[in-house]
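Q: got a predicted structure here, sequence first:
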Amino acid sequence: MSQGYRFVIADDEKTVATGLQSQLESLGYEVVAVVHDGQRAVEICRRLQPDAIFLDIEMPGLDGLAAARQIAEDPGTPVVIVTAHAHPHLIGQAVEDGVIQYILKPITTQSLQAIVEVAVARARDIQELQEDVDHLKMSLRERKLIERAKGILMTRKQLNENEAFRLLQRQSQDRRVPMAKLAESIIQTDELLTDSSSAPTPPNSRPRRPAEPPID
């Protein structure tokens, strides 16, 4: 039994789009929208966020490759190009534009299921890899925050590195706040105090000279 994948089809040839829709639905997949131009394909992917879009190259207005570039980036929908053209330049350009699968018309129903499974699996691998990269970036940012906050505590409270880290750790546990968030708060407070101490004294707050005694 097919998993409940949701797809969009974008092809200006309505008979081709209808045929592909019938093939996908016969395999148990859901086609949530069929559109006939590139701009509409971009808009519908942003709104419905399907598991993938089957996209023709030659369409009016925004062509398939330009649409693929936008769709792959925003909202990040996997793109499968469906075309009658097998020119190497087009294939290379499609890969650069974020296309995860490139298939030629006509498509048989027997081959379509394998194509779908491979495309969705590749899309999920790419998504997991991106999530791993995002996690590593966040971890690096958090480490930098903690190191900076540790330095502030060492300076302001005359602590060594281990003592400053233990203080951060203890305060994080006591307040039930992630250590990176606590570190960010310490940094912001330190910046505020530093700015306040270096600000010039307002003129009206300066001590006045004592009044001269009246001359008789």
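A: Thanks, I have it.

Q: every contact and neighbour count from this point should use C-alpha atoms.
A: Will do.

Q: residue 185 versus residue 70, what's the distance?
A: Separation of residue 70 from residue 185 (Cα to Cα, to the nearest Å): 37 Å.

Q: same drill for these two, tell me which one is more crowded.
A: Ranked by neighbour count (other Cα atoms under 10 Å), residue 70 and residue 185 place residue 70 first, with 20 against 14.

Q: name the SS class of the more buried one, please.
A: helix (DSSP: H, G, I helix; E, B strand; the rest coil).

Q: so residue 181 sits in a strand?
A: No: Residue 181 sits outside any strand when classified using three-state DSSP, being helix.

Q: next one: it from residue 170, what distance?
A: Distance, residue 181 to residue 170, using Cα to Cα: 14 Å.

Q: so what sits against both of the two?
A: Common neighbours of residue 181 and residue 170 (criterion: Cα atoms under 8 Å, 6 or more residues apart in numbering): none identified.

Q: where does pLDDT dip in this structure?
A: Residues of the chain meeting the criterion pLDDT under 70: 1-3, 91, 95-97, 196-216.

Q: apply 80 and report the result again.
A: Where the chain drops to pLDDT under 80, the residues are 1-3, 85-98, 122-138, 195-216.

Q: so in it, which helix runs the longest?
A: The single longest helix within the chain, with elements called by DSSP state H, is helix 109-157.

Q: what's near enough to touch the nearest residue to residue 153 once chain neighbours are set aside?
A: Leaving out its chain neighbours, the residue that sits closest to residue 153 by Cα to Cα, 6 or more residues apart in numbering is residue 164, at 5.8 Å. Taking Cα under 8 Å, 6+ apart as the contact definition, residue 164 lies against 150, 151, 153, 154.

Q: okay, these in CSV with distance to residue 6 and neighbour count next?
A: What follows is the contacts of residue 164, written out as CSV (distance: Cα to Cα, whole Å; neighbours: other Cα atoms under 10 Å):
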residue, distance to residue 6, neighbour count
150, 49, 24
151, 51, 19
153, 52, 22
154, 55, 17
